[in-house]
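Peer 1: Predicted structure and sequence below. I'll ask about it afterward.
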Amino acid sequence: MTDLLALTLGNTSVAAAGAAADGALRDVRREPLKRLEALLGPRLEAAEGPVIVCSVSPPALARLRRTTEAAGRDPPLVAGEDFPIPIQTGVDEPDRVGTDRLLAALAAYRRAGGACIVVDAGTAVTVDAVDAGGTFLGGAIFPGPGLMARSLAEGTARLPAVEIQSAAALERPIGKDTEAAIRSGVTRAVAAAVARLAVDMRDEIGNTVSVYVTGGYAPPADDRRWMVLPDLVLEGLLLAWREHREP
């Protein structure tokens with residue numbers, strides 16, 4: 001049994017983890033969003049406490065609410081709505097910043113203990129900056145490799161649809177067929193954009209800042225440039241919840 005069930009609902013995937021009294025994540029699992037209900041079934045039975053969630057997908061959140069209701073559970077508690085995210089923002093429209101970005105920034109800042117850059121590579125890729133005082137400054141957004149590949153298929157006459165499973169193991173740079181060429185191009189496009197944005201943001205907030213990368217399309221770990229942390233948004237979700245309950 002676990003004290004609570006923590007979930008992140010993205011546009012194409014869901015991550016779920018139990019959490020113990022000491023705040024540690026347990027048994028993190030990721031599934032395509034279409035398997036949301038199948039993933040939740042045993043997890044809802046195992047969690048004695050509340051369901052807490054970060055969601056960037058209103059339809060997925062509606063499905064989660066229906067599923068918890070059908071299981072006889074209380075409604076899920078949503079980060080940014082039912083409990084606050086304890087991070088200051090320095091952006092023009094704070095209400096429009098995705099809660100996944102803020103939670104990842106919160107977790108990254110607590111790890112770094114200072115200024116940092118946070119990359120979340122999913123359906124969309126976000127690269128955000130946090131200053132030395134812990135203020136979320138904003139960042140950059142561009143399509144993830146899955147969206148890039150889909151746009152090639154939809155916007156051209158002859159290029160095929162190619163599924164991009166991960167960017168963690170880069171395709172050989174010289175693709176020997178069209179599909180391999182697309183995979184090489186879009187995964188390297190993400191890695192190159194992340195690297196360039198990290199350099200440019202460091203010029204603004206300090207050259208010694210840490211860079212943390214998360215998300216299903218996270219580029220390969222590179223000790224010289226960034227650290228890959230798959231559970232960064234879940235970590236931030238748990239931090240926000242704990243501080244709300246135990247101020």
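Peer 2: Good, I have the coordinates. Residues are numbered from 1 along each chain as shown.
Peer 1: Please look at residue 116 and residue 212 and confirm they touch.
Peer 2: Yes - using CB atoms under 8 Å, residue 116 is in contact with residue 212, at 6.3 Å. (Glycine included, C-beta is placed from N, CA and C.)
Peer 1: between those two, what contacts are shared?
Peer 2: residue 108 (CB atoms under 8 Å, 6 or more residues apart in numbering).
Peer 1: List the buried residues for stretch 49-67?
Peer 2: 49-57, 60-61, 63-65, 67 (16 or more other CB atoms under 10 Å).
Peer 1: Pick out whichever of those residues sits closest to residue 193.
Peer 2: residue 56 (20.1 Å; CB to CB).
Peer 1: Next, count neighbours for the nearest residue in space to residue 219 that is not next to it in sequence.
Peer 2: Spatial nearest neighbour of residue 219, chain neighbours left out: residue 191 (4.0 Å); criterion: CB to CB, 6 or more residues apart in numbering. By the measure other CB atoms under 10 Å, the count of residues near residue 191 is 22.
Peer 1: For the helix or strand in which residue 191 is found, buried residues please.
Peer 2: Here residue 191 sits within helix 178-205, counting by DSSP states H and E. Judged by neighbour count (16+ other CB under 10 Å), helix 178-205 contains these buried residues: 179, 181-191, 193-195, 197-198, 201-202, 205.
Peer 1: Just want the phi and psi numbers for residue 133.
Peer 2: phi -90, psi 0 (degrees, to the nearest 10).
Peer 1: and it, what is it in contact with?
Peer 2: residue 88.
Peer 1: what about it, distance to residue 85?
Peer 2: Separation of residue 133 from residue 85 (CB to CB, to the nearest Å): 16 Å.
Peer 1: Narrow the buried residues of stretch 49-67 to those in helices?
Peer 2: Of the positions in these, 60, 61, 63, 64, 65, 67 sit in helices, assigned by DSSP state H.
Peer 1: wait, which of the buried residues of stretch 49-67 is closest to residue 96?
Peer 2: Distances from residue 96 to the buried residues of stretch 49-67, taken as CB to CB, are shortest for residue 56 (11.8 Å).
Peer 1: I'd say the closest one and residue 103 touch.
Peer 2: No - with contacts defined as CB under 8 Å, residue 56 does not count as touching residue 103, sitting 10.7 Å away.
Peer 1: for residue 240, helix, strand, or coil?
Peer 2: helix (DSSP: H, G, I helix; E, B strand; the rest coil).
Peer 1: cool, and residue 216?
Peer 2: coil.
Peer 1: now do residue 38
Peer 2: Residue 38 is classified as helix under three-state DSSP.
Peer 1: could you measure it against residue 16, distance?
Peer 2: Applying CB to CB to residue 38 and residue 16 gives a distance of 11 Å.
Peer 1: shared neighbours of these two, anything?
Peer 2: residue 31.
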